[in-house]
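Participant: build me a model from this:
(one chain, ligands or ions: 1)
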Amino acid sequence: MRVRPARLDDLPAVYAICDELGTVAEAEPRTRELLGHVYAGPYVVAPETRSVVVVDELGVAGYLLCATDTAAFTAWCESSWWPGLRADYPRAAVGRAVVDQEVVDLIHAPPAASSRVVAEYPAHLHIDMLPRVRGKGLGSRLIRDLLVDLSRRGIPGVHLDVGSNNARAIALYSRLGFVELERGPDSVFMGRRTEL
Ligand SMILES: CC(C)(COP(=O)(O)OP(=O)(O)OC[C@H]1O[C@@H](n2cnc3c(N)ncnc32)[C@H](O)[C@@H]1OP(=O)(O)O)[C@@H](O)C(=O)NCCC(=O)NCCS
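Facilitator: Residues are numbered from 1 along each chain as shown. Here you go, the predicted model:
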């Protein structure tokens, strides 16, 4: 098993993991690439990112995707990522599955932390591991390595958005020193200063 920077040719695998772990199993039929357009693609393509993948003998098995400067990343997405997707997926479409509509809504109104959170914790991350590589300490290691790297770059904090019902992930982030910052309707924004 190894960890390396994410590359453009990892996009199909990264999208597939994002779809598999981000959607409830019975949510079919759905447009499988939609979730990746929001939570995966731009983190591999945009300039202000530090994204890594975990690779084992079967291929890409997980990732930690990080926008190191959320404000710059958001601006890049507005100019270079969302316009094409907004044209391809208009806000309203007849017969669209409910599960797809929820993601299309995000393409038109991307998920974002408050400006206070972004100012204090300028980076943000998404992390997902396929079941075959979970529980081996990898997720913790990737987050710790990220904290060291962000700290070296002078980036003072990192935040993330976790589903309020994802108790195991919340427990992991808490163990790694993340604290609750704000609560949305279904999710919790957590953040951590990068000094260790
Ligand atoms: C959360 C996740 C990235 C952690 O990666 P990991 O490599 O398994 O993490 P570690 O081995 O360093 O730590 C294991 C801890 O992760 C947490 N965890 C969260 N979801 C878990 C899951 N589905 N399976 C196992 N552990 C999970 C637990 O706190 C676990 O500790 P425990 O075994 O004492 O309960 C990974 O489990 C995962 O991808 N889960 C499903 C998707 C997800 O929830 N992503 C985060 C969205 S914000």
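Participant: look at the most centrally placed residue in the chain and tell me its secondary structure.
Facilitator: Nearest residue to the geometric centre of the chain (CA atoms, centre = their mean): residue 126, 2.8 Å. Look at residue 126: counting by DSSP: H, G, I helix; E, B strand; the rest coil, its state is strand.
Participant: so what's the residue count around the residue nearest to it when sequence neighbours are not counted?
Facilitator: In space, residue 126 comes closest to residue 65 once its chain neighbours are excluded; the distance is 4.7 Å by CB to CB, 6 or more residues apart in numbering. Bear in mind the C-beta positions are built from the backbone N, C-alpha and C, glycine included. Using other CB atoms under 10 Å, residue 65 has 23 other residues around it.
Participant: how close does the residue of the chain most remote from its centre sit to residue 101?
Facilitator: Here the chain reaches farthest from its C-alpha mean at residue 94, the gap being 29.0 Å by CA atoms, centre = their mean. Between residue 94 and residue 101 the computed distance is 11 Å (CB to CB, to the nearest Å).
Participant: one step back: quick one, what contacts the residue nearest to residue 126?
Facilitator: With contact taken as CB atoms under 8 Å, 6 or more residues apart in numbering, residue 65 is in contact with 6, 14, 39-40, 43-44, 49, 51, 125-127.
Participant: what helix or strand is it on?
Facilitator: Assigned by DSSP states H and E, residue 65 falls within strand 59-67.
Participant: let me see the mean pLDDT of that strand.
Facilitator: Averaged over strand 59-67, pLDDT sits at 98.
Participant: downstream neighbour of that strand in the secondary structure list?
Facilitator: Sequence-wise, the next helix or strand downstream of strand 59-67 (DSSP H and E) is helix 70-76.
Participant: can you give me the buried ones in that next one?
Facilitator: 70, 73-74, 76 (16 or more other CB atoms under 10 Å).
Participant: dump the residues you listed into JSON lines; add pLDDT as well.
Facilitator: Listed next are those as JSON lines, based on pLDDT from 0 to 100:
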{"residue": "70", "pLDDT": "98"}
{"residue": "73", "pLDDT": "98"}
{"residue": "74", "pLDDT": "98"}
{"residue": "76", "pLDDT": "98"}
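Participant: against residue 61, how distant is the residue lying closest to residue 161 once chain neighbours are set aside?
Facilitator: In space, and not counting its chain neighbours, residue 161 is closest to residue 187: 5.1 Å by CB to CB, 6+ apart. Going from residue 187 to residue 61 by CB to CB gives 25 Å.
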